Every structure is written in structure tokens, then in C-alpha cells.
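Visitor: take a look and give me a structure for this.
(4 chains)
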Number of protein chains: 2
Amino acid sequence: MSPRDSTAATRQALLDAAREEFAAHGVAGARVDRIAERAGVNKERIYGHFGNKEKLFDAVVVEALDDLTSQISLPGADPVDYVSRLAEYYRTHPDLVRLLMWEALNYRGQDLLPGQETRVQRCARKNEALAEGLGREPSQDTARLLFVLTGLALLPSMLPQLARIMLGSDHDPARMRQFVADFAGMALGPREQAGVEG
Amino acid sequence: MSPRDSTAATRQALLDAAREEFAAHGVAGARVDRIAERAGVNKERIYGHFGNKEKLFDAVVVEALDDLTSQISLPGADPVDYVSRLAEYYRTHPDLVRLLMWEALNYRGQDLLPGQETRVQRCARKNEALAEGLGREPSQDTARLLFVLTGLALLPSMLPQLARIMLGSDHDPARMRQFVADFAGMALGPREQAGVEG
DNA sequence: TTGGATGCCAACCAACTAGTTGGTAGCACT
DNA sequence: AGTGCTACCAACTAGTTGGTTGGCATCCAA
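Guide: Below is the predicted model of the structure:
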């Protein structure tokens, strides 16, 4: 491995290890030593590459969200399908959901952090796509709809214990995702789609 | 103050201080010293009254949920109203929402903790009330509906930053809550209610 | 009055933490 | 061969952490 490759590999190993650690324990609970150990490199490298623990966390979140963006296409004419796809992505990427929750808990009330412009723009694009799919103009109302659809997709992965408390520990997560998507479909008005079976 | 009253007051002061601290920083981030200082008692009292940091956290959550239960009546014939009331309660008790999020992040995948039976029973009662209100039998489907309704009410308080990113930092939270309730109303079928004003 | 709980606290401690430092090994260019 | 540079690491540090201990004050029962 050339030194450049080695550097990049070290950095990526740290990001991967950090994603696990942060997803599991959050920023405060994460241990820098554990991250370094899991990555198989010296912990000083964290400071060399990322500056400090929090910046490493930010880098992890950015990477995870970039991944989501690259894999989930914009909402189109069928918002229910969008909810389904999102929910499925969250289900298969529980780390991301947990990272977002830790992040949501960390910055409270503050103004948007620098570096959030990317996210704002991405959401604006989603809002435009959603509005176009509905044959409407992008507005606060379509943005609110986008928020609720995104939230609905998140719910089952965000609150698995609540689901267990309400449905029993042997409930079927796949049915829950189906239910959530159907719920969105019902709210969006009478269109053609599979009814709630069962 | 009699010693008993004093003891009870000490205990309550600790609970109140702990609620703030835990809501703000979570279990890992909370500092036992800060809790004791805010409560105006020695930190050893935490161990005398609650055993350790985690048990104190559990006690805080139990108290907060008892409070919610005592103030929010069961869902009835109008589930949309239930969502509204819940959302309003969460808005005025952001500490509870954050506590629930920290808790959700802490215990992952595990079986239900001892002491959760109370919660299971409460949810079962809500499910029965919801089903009765809809003129249905309690089932997994009505439980899923309860989950989604609860989740919808939680969303705006759980993800305020996402709302800011999607709607701008000057958006109106009251409108968001209205939107969420209306959304639930639309999904629950054509009934009489205020339309989404735009 | 006295003896024993009980609530409380100041001071303490061992373990752990994020972050730093001084130095080494390997590469690139001259 | 010599020089500078970069990625890397072992060892260290200064500060913090959850939890403990020994003793003091107050109350109540006998």
C-alpha cells in the first residue's frame, strides 16, 4: 500500500470504527480509546485526522447521510413508495437512525450548525420533488408533509421498544413498516394502492 | 420540617435536579456532582436514596411518565383529538421527550426491562380505549395505529432540528402540530374536522 | 436519659478520560 | 547520502468521574 492509500485506509478505518462506537454509545458515551483500538490504529490519529471527538462524530454523520442520499432517490409521484423505501433503508441501517438521534439530542435549540447548508439544500430539493409529484408548488405545507413522511419512515426504527411495549416482543417489524406506509397513503387521499391486510 | 418531610424533600429535590440534568445530557453525559449541587444536597444522598446513577435515571423516567398518564386521558372516540393533546403535552414537556429518547438509545435490543410491566399494561389500556372509540376490537392493527398516533405526536418535539432544516428556523411549531393532527385525521378517514389551511 | 437508627455531609479515592508529546520509520526529492 | 516531510505510535498527563467512608447532628423509643 502506498502511503497515500495507507492514510486513506487509516482514516476510513477510524470512520468505520467510530460509526459503530458512536451509534452504540453516543458522543458522551463513546470512548476514543475504543475507537482507535477497533480501527487498529493509534488514537493520536483521531486527532491528526479529525481534530477531536466531536468533529469525528460530525464526520461520521456526514458520511452516513451522504450514503443515504446516494441510495435513496427523491420522492416522486408516489410519496407512499418514498416512505416505504426510506423505512426500508432505515431498517437496514439502524446505525444511521441512532446517530441521528444522538445528534438530535446533542444540539438543542441552537442555530443550525455550520456545515448544515448541505442538508438544507438537500431537503429543499426533496421538497421540490415532492411538490412536483403532487402537482403542487413547493410551500411550507409541502415541507411539513415531507417532515411527516420522513418521520413516519423513521418511527419504527427510532422507537423499537415502544413498538415492543405496544405490540409485544414478537411483533412483526415488516408489518409495521407496511402499516406506516399505508397510513401515509390513507392520509394522502384515495389513490390506488394495496389495502391494509390482516 | 420533620425529618420525614426533609427526607422526602431531599429525595424530590434530587429527582427534579436529575430530570433537568438527564434530559440535557443523557445518562452518560450527566454529572452526579451537578445533580447534587443543583438539588442543594450532598451527592452521597443520591446513593443513599437511589443506589446509583442509572437507577436514579430510571426513577426520573418513571416519575415523568406517571405525570403524563395522570394528565392525558385515554384516547376516545376522537383519536385526532388524542394526537393533539399528546402533541401539546410533549411540547410543554420537552424534558420528557428527551428522557424518552435517551432511554430509547440506552437499552438496545434487550428484552423489556423489569418494571416495564406497568408501561405494557398502560399501553394495553390505551389500545382498548382506542379500539372502542373506533368501534373495533383491540388487535395488533389497532396497536399499530396507537403506535403511529403516538409517534406522530412525538415527532415535532423529537426532531425539532429536522423541522428547522426542512422548514427554516422561523417556522411555526403550532402549525406543525396542527398539521400532524390533521394528517392523522386524513388517514383515519373522512370525518368532520378543520381542513388543512394553507 | 440514653442508645441506636437515620439523614446528612466533607473529604477522599481509584479508575478512567480526552488530548499531547517526543520520537521513529519510511518515502520523495535532490 | 543527505534533507525534509508525513503518517504513525508508545507513553504520558492533567483533570474528571462515579462511588465510598467516617463522623456529626437529630430524632424517637425505652
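Visitor: and the pLDDT for the nearest residue to A:L130 once chain neighbours are set aside?
Guide: If the residues on either side of it in the chain are set aside, A:L130 comes closest to A:P75, at 4.4 Å by Cβ to Cβ, 6 or more residues apart in numbering or on different chains. Heads up, the C-betas are built off the backbone N, CA and C, glycines and all. In this model, A:P75 is scored at 96, pLDDT.
Visitor: enumerate every residue touching A:P75.
Guide: Residues near A:P75 by Cβ atoms under 8 Å, 6 or more residues apart in numbering or on different chains: A:82, A:126, A:129-130, A:133, A:146, A:149.
Visitor: can you redo the residues you listed as CSV with pLDDT and secondary structure?
Guide: Output for the contacts of A:P75, formatted as CSV (pLDDT from 0 to 100; DSSP: H, G, I helix; E, B strand; the rest coil):
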residue, pLDDT, secondary structure
A:Y82, 97, helix
A:K126, 98, helix
A:A129, 98, helix
A:L130, 97, helix
A:G133, 96, helix
A:L146, 98, helix
A:L149, 98, helix
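Visitor: near DNA strand D, which of those show up?
Guide: Among the contacts of A:P75, proximity to DNA strand D is found for none (Cβ under 7 Å from any atom of the strand).
Visitor: can these go into TSV with extra columns for distance to A:G168 and neighbour count?
Guide: Below are the contacts of A:P75 laid out as TSV (distance: Cβ to Cβ, whole Å; neighbours: other Cβ atoms under 10 Å in any protein chain shown):
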residue	distance to A:G168	neighbour count
A:Y82	29	25
A:K126	35	22
A:A129	38	20
A:L130	35	22
A:G133	36	17
A:L146	32	25
A:L149	27	25
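Visitor: ok, those vs chain B, which is closest?
Guide: A:L146 (5.8 Å; Cβ to the nearest Cβ).
Visitor: related to what we said a few turns ago, mind putting the contacts of A:P75 into a markdown table with distance to DNA strand C?
Guide: As requested, the contacts of A:P75 are arranged in a markdown table below (distance: Cβ to the nearest atom of the strand, whole Å):
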| residue | distance to DNA strand C |
| --- | --- |
| A:Y82 | 38 |
| A:K126 | 34 |
| A:A129 | 39 |
| A:L130 | 39 |
| A:G133 | 44 |
| A:L146 | 35 |
| A:L149 | 36 |
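Visitor: which positions in chain A make contact with DNA strand D?
Guide: Neighbours of DNA strand D within chain A, by Cβ under 7 Å from any atom of the strand: A:3, A:6-7, A:9-11, A:40-45, A:48-49.
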